[in-house]
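>>> below are the sequence and a predicted model for it; my questions follow.
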Amino acid sequence: MSAVAAAKQPIKLDPRRFFSTTDSGKRTVATPKRQAIFTQGDLPDAVYYIYRGRVKLHVVSKVGKEATIAILRENDFFGEGCLASQPLRQHSATAITDCSLMRIDKESMTDVLHRERDFADMFLAGLLARNIRYEADLMDQLFNSSEKRLARLLLTLAEAGSKDGSEVVLPRISQGMMAEMVGTTRSRVSFFMNRFRSSGFISYDGQSKLQIYSSRLSTVLHD
């Protein structure tokens with residue numbers, strides 16, 4: 001299967017079955033909310049797979065400015081830079097919800113990729129899909145208003161996009177973090193979140209859950 005075909009065709013496999021084919025070098029990691037999984041500048045020695053939860057990838061500049069690269073979700077891999085002989089981690093990874101992860105060391109991951117063609121295709125498809133998301137994020141930053149960028153971020157976080165009017169509930173993410181990802185100020189995020197709530201696109205009560213009405217919110221992208 002070509003890389004293009006892998007990106008277009010969803011591959012339905014259970015990664016746990018393939019992880020079970022490795023005799024060593026892997027372990028399940030329970031990571032609580034806000035705990036670092038690895039830090040920028042660490043030695044890259046493992047790949048991670050998200051069973052449950054959400055993970056933030058972020059980077060800090062030499063002058064101390066922090067930027068969020070991506071929010072990852074269930075079934076995403078990260079930390080794959082070690083497979084390309086990356087000398088040091090170029091970014092940090094932090095749990096933004098309680099997470100259940102599979103940690104696979106570099107040697108074991110390389111071994112299973114070489115031995116299991118279906119797993120390798122699934123892994124490649126995931127990386128390509130994530131790269132497409134990164135490109136979409138970049139175009140979003142360049143061409144869309146901050147209101148549309150925030151709406152798209154919420155839909156992405158909720159894994160939304162269907163037009164069936166479904167409601168998605170996810171853990172609250174700080175407005176400061178959303179401002180980093182959208183590329184605007186926290187006050188603007190607060191303004192738009194209040195507008196979305198008054199329009200019936202989202203609901204929250206200041207507690208730990210955010211409810212997204214995906215089909216309604218998606219109309220913001222088409223205004």
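Arrived safely. Computed from a predicted structure; not experimentally measured.
>>> residues contacting Ala30?
Contact analysis of Ala30 by Cβ atoms under 8 Å, 6 or more residues apart in numbering lists 98-101. C-beta: built from backbone N, CA, C; applies to glycine.
>>> bridge partners for it, pull those for me.
Beta-bridge partners for Ala30, by DSSP bridges, are Ser100.
>>> can you give me the pLDDT of it?
Ala30 carries a pLDDT value of 96.
>>> circling back: who wins for most neighbours among the contacts of Ala30?
Cys99 (24 neighbours; other Cβ atoms under 10 Å).
>>> from Ala129, how far out is the spatially closest residue to that residue that is not a sequence neighbour?
Leaving aside its sequence neighbours, Cys99 sits nearest to Gly53 (Cβ to Cβ, 6 or more residues apart in numbering; 3.2 Å). To Ala129, Gly53 is 19 Å away according to Cβ to Cβ, to the nearest Å.
>>> picking that back up, tally up the residues packed near the residue nearest to Cys99, please.
Neighbour count of Gly53, defined by other Cβ under 10 Å: 20.
>>> Ser24 now?
By other Cβ under 10 Å, the residues close to Ser24 number 9.
>>> now it: which helix or strand?
Assigned by DSSP states H and E, Ser24 falls within no helix or strand.
>>> which residue packs closest to it, ignoring adjacent ones?
Distance criterion Cβ to Cβ, 6+ apart; nearest residue to Ser24, sequence neighbours excluded, is Ser108 at 6.7 Å.
>>> cool, and Tyr204?
Leu210 (4.8 Å).
>>> first-to-last residue distance for stretch 85-92?
17 Å (Cα to Cα, to the nearest Å).
>>> before we move on, back to that, which SS class is the residue nearest to Tyr204?
Of the three states, Leu210 takes strand according to DSSP: H, G, I helix; E, B strand; the rest coil.
>>> what segments of the chain are strands?
Per DSSP state E, the chain carries strands over the ranges 26-31, 36-38, 46-52, 55-60, 66-72, 77-78, 92-95, 99-105, 167-171, 202-204, 209-213.
>>> right, and those - which one's nearest His222?
With Cβ to Cβ as the measure, strand 209-213 is the member of those nearest His222 (15.3 Å).
>>> perfect, that will be all.
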